[in-house]
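1. fold the stuff below for me.
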Amino acid sequence: MKASSPTYEHRVIPWAKAENLAARALDIPRNNPTKTLLLVSLVFILFLILLVNVWVHIDIIHVGYQVAQLKHQEKMLKIEKRNLMIYTPSIRYNKKVRARLIKRFKLTPLTSSQVITIEENK
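-> Numbering: from 1, shown residues only. Predicted coordinates:
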């Protein structure tokens, strides 16, 4: 006598079908297009909110880098200004340099006809 395997009844479990999983999990009937459209719209809106959030975060980081760059540029300009403030009086009052400039560019003292005065209206 041959041993035969018992026969089992093949049943399809309705909640295990792939197309029913999302509808059952969200309690959305498959035949209701309005609720399906609402779900798709909700997912799309959430995606847009996430996209805007990431965009704003990246923009904030970009602005932060620009601020850091401008602070560095300001620091360098202050150093340059300080160096020029130190250097300018030494050139202005150096008699040897002044004599060379007068000789090289053939400068002469100003005459009264060359001086122009500007009056301020108050």
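2. can you give me how far the longest helix along the chain is from the chain middle?
-> If you go by DSSP state H, the chain has its longest helix at helix 33-92. Its chain's average C-alpha position is 3 Å from that of helix 33-92, according to Cα atoms, centre = their mean, to the nearest Å.
3. next SSE after it?
-> Going down the chain from helix 33-92, the next helix or strand is helix 95-105, by DSSP states H and E.
4. packing partners of that following helix?
-> Secondary-structure packing of helix 95-105 (3 or more Cβ pairs under 8 Å, 6 or more residues apart in numbering; DSSP states H and E): no helix or strand packs against it. (Glycine included, C-beta is placed from N, CA and C.)
5. now that helix: mean pLDDT?
-> On average, the pLDDT along helix 95-105 is 82.
6. got the angle between that helix and helix 33-92?
-> 100 degrees (axes from the mean of the first three to the mean of the last three Cα atoms, to 10 degrees).
7. pLDDT score assigned to residue 10?
-> Reported pLDDT for residue 10: 59.
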